[in-house]
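*Asks:* give the three-dimensional model of this entry:
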Amino acid sequence: YYRLFFPFLVQNVKKLLYIDVDTLIVGNLKELFEVNLHGRPVAAVTDTDMPVRSDLGIYSAEDYFNSGVLLLDITKWKEQQITEQALKIIQEQPDRIKQYPDQDALNMVLKDNWYKLPVSYNLMRLYVPNEVPKRRFADFLEGKKIIHYNGKKPWFSDCEHRLRHVYQQYARLSPIVGADKITKVSLPKAKQELLFRSRMVEFYFDHPE
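*Replies:* Coordinates of the predicted model:
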């Protein structure tokens, strides 16, 4: 819930960029910070992992954002009491936001009141097509700014993010011994089979020959 309180933890700051910890910054963020929010309190990227959230009063998949990368207009945020409204939903309607508490609450509060950012600023799992072979990851990432490992994380063996290998490249540069270690995850048979199929699809596109 920290992202709800950051606007109150800074002073003399008009604009704040919040980024989740399960991300890699692979491009310059200057252009992102300078984005014109057009009077909206928040700019974010549509979350394609989500189905249509009619349960939240959102009737288009394009209208639900991922809260892993948020550009905040602090003045607008405070004026519109975004934190207070989100906390009220979290406290009073917990059954509606079981899976993604703060993200769901923010989407409810900010319905039709957020600015849509390009995908390059929050490159989530489903924004990376299987058709991109591993050997062309560098080309694919040209112009991209933030990779977001939403869902299963790249430090676990069952990660399905196509760019999990990019995380390993960065982890190997870390001075921390074992930073690139992959933790083995025990999966039930059904999930093992799904993961195997996913890996085979990747192998096909990585090695079409």
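
*Asks:* out of everything not next to it in sequence, what's closest to the residue nearest in space to the middle of the chain?
*Replies:* Central residue of the chain (Cα atoms, centre = their mean): residue 68, 4.2 Å from the mean position. With sequence-adjacent residues excluded and distances taken as Cβ to Cβ, 6 or more residues apart in numbering, residue 68 is closest to residue 20, at 3.9 Å. (Glycine included, C-beta is placed from N, CA and C.)

*Asks:* quick one, strands of this protein?
*Replies:* Assigned by DSSP state E, the strands in the chain fall at 15-19, 23-25, 42-46, 65-73, 115-116, 146-148.

*Asks:* make JSON lines from those and add mean pLDDT to it.
*Replies:* JSON lines is the format used below for the strands of the chain (pLDDT from 0 to 100):
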{"stretch": "strand 15-19", "mean pLDDT": "96"}
{"stretch": "strand 23-25", "mean pLDDT": "97"}
{"stretch": "strand 42-46", "mean pLDDT": "98"}
{"stretch": "strand 65-73", "mean pLDDT": "97"}
{"stretch": "strand 115-116", "mean pLDDT": "98"}
{"stretch": "strand 146-148", "mean pLDDT": "98"}
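
*Asks:* want to throw those strands into JSON lines with distance to residue 79?
*Replies:* Shown next, in JSON lines, are these (distance: least, Cβ to Cβ, whole Å):
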{"stretch": "strand 15-19", "distance to residue 79": "14"}
{"stretch": "strand 23-25", "distance to residue 79": "29"}
{"stretch": "strand 42-46", "distance to residue 79": "13"}
{"stretch": "strand 65-73", "distance to residue 79": "9"}
{"stretch": "strand 115-116", "distance to residue 79": "16"}
{"stretch": "strand 146-148", "distance to residue 79": "27"}
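
*Asks:* for those, which one sits closest to residue 96?
*Replies:* Residue 96 lies closest, by Cβ to Cβ, to one member of those: strand 65-73, at 16.0 Å.

*Asks:* who does that closest one pair up with?
*Replies:* Here strand 65-73 has these sheet partners by DSSP bridges: strand 15-19 (antiparallel), strand 42-46 (antiparallel).

*Asks:* TSV please, covering those and showing mean neighbour count and distance to residue 166.
*Replies:* Below are those laid out as TSV (neighbours: other Cβ atoms under 10 Å; distance: least, Cβ to Cβ, whole Å):
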stretch	mean neighbour count	distance to residue 166
strand 15-19	16	16
strand 42-46	23	18
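
*Asks:* save those strands as CSV, and put in distance to residue 155 too.
*Replies:* Putting these into CSV (distance: least, Cβ to Cβ, whole Å) gives the following:
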stretch, distance to residue 155
strand 15-19, 18
strand 42-46, 23
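
*Asks:* tabulate the CA atom coordinates of the longest helix anywhere in the chain in PDB.
*Replies:* Scanning the chain for the helix with the most residues, using DSSP state H, yields helix 189-206. Only the C-alpha atoms of helix 189-206 are listed here, as PDB (Å, rounded to 0.1, in the frame of the first residue of the first chain):
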ATOM      1  CA  LYS A 189       1.300 -32.200 -12.500                       C
ATOM      2  CA  ALA A 190      -1.300 -30.100 -14.300                       C
ATOM      3  CA  LYS A 191       0.800 -26.900 -14.000                       C
ATOM      4  CA  GLN A 192       3.900 -28.800 -14.900                       C
ATOM      5  CA  GLU A 193       2.300 -29.800 -18.200                       C
ATOM      6  CA  LEU A 194       1.200 -26.200 -18.900                       C
ATOM      7  CA  LEU A 195       4.600 -24.900 -18.200                       C
ATOM      8  CA  PHE A 196       6.200 -27.600 -20.400                       C
ATOM      9  CA  ARG A 197       3.900 -26.500 -23.300                       C
ATOM     10  CA  SER A 198       4.800 -22.900 -22.700                       C
ATOM     11  CA  ARG A 199       8.500 -23.700 -22.900                       C
ATOM     12  CA  MET A 200       8.000 -25.800 -26.000                       C
ATOM     13  CA  VAL A 201       6.300 -22.900 -27.800                       C
ATOM     14  CA  GLU A 202       9.200 -20.600 -26.800                       C
ATOM     15  CA  PHE A 203      11.700 -23.200 -28.000                       C
ATOM     16  CA  TYR A 204       9.900 -23.400 -31.400                       C
ATOM     17  CA  PHE A 205      10.100 -19.600 -31.900                       C
ATOM     18  CA  ASP A 206      13.700 -19.400 -30.600                       C
END
